[in-house]
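K.L.:
Please work out how this folds:
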Amino acid sequence: MNCEFSIKTFDELTSVDLYHILKARSQVFVVEQNCAYQDMDEVDFDCLHLIAHQNAALVGYCRIIPPEFNKLKSNLSVADPAIKTNHTAMPAIGRVLVLSEHRGDGLARQMMNQAIAQCRKKVR
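P.N.:
Just a heads-up that it's a prediction; the model follows:
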């Protein structure tokens, strides 16, 4: 699948971007997964938002939570000795979605590669 990716802070999102993100999150997490929970949280303000577009339409999305807002701790020094950390706050990836009509084409893998690369920039 040929997509364009953009990464924006919350303040860089346009009202149209935000509308399409929240619509997609509601479609996937609330309607498809029948998961009634408060999707919008205060964390969105501090995240990077990775958006996958195809022909200017949102087809995939995830958010990257900066280390200082991620409540989970990690010991990456075990997995990657090049990282000089020990039980420290790490970035996290969340709210990952691909719209149903675009699944099965490798888009999620492309998005995760982009998101992981952003997380690594926050650690080193």
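K.L.:
all strands of the protein, in order?
P.N.:
With DSSP state E, the ranges of strands along the chain come out as 4-9, 48-54, 57-65, 73-74, 88-89, 92-98.
K.L.:
possible to save those strands as TSV with mean neighbour count, mean pLDDT and distance to residue 115?
P.N.:
Every residue, glycine included, has its C-beta placed from N, CA and C. Formatted as TSV, the strands of the chain follow (neighbours: other C-beta atoms under 10 Å; pLDDT from 0 to 100; distance: least, C-beta to C-beta, whole Å):
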stretch	mean neighbour count	mean pLDDT	distance to residue 115
strand 4-9	13	96	9
strand 48-54	20	96	5
strand 57-65	21	96	5
strand 73-74	16	56	16
strand 88-89	16	74	17
strand 92-98	19	95	5
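K.L.:
Could you export the ones you listed as CSV, including distance to residue 104?
P.N.:
Putting the strands of the chain into CSV (distance: least, C-beta to C-beta, whole Å) gives the following:
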stretch, distance to residue 104
strand 4-9, 19
strand 48-54, 14
strand 57-65, 12
strand 73-74, 31
strand 88-89, 35
strand 92-98, 9
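K.L.:
Indicate which one of those is closest to residue 35.
P.N.:
Among the strands of the chain, strand 92-98 comes nearest to residue 35, with 11.8 Å by C-beta to C-beta.
K.L.:
ok, and what's touching that closest one?
P.N.:
By C-beta atoms under 8 Å, 6 or more residues apart in numbering, the residues outside strand 92-98 that reach it are 24-25, 28-29, 39, 52, 59-65, 70, 72, 107-108, 111-112, 115-116, 119.
K.L.:
cool, and stretch 16-27?
P.N.:
So stretch 16-27 is in contact with 8, 13, 39-40, 49, 51, 57-58, 61, 95, 97, 99, going by C-beta under 8 Å, 6+ apart.
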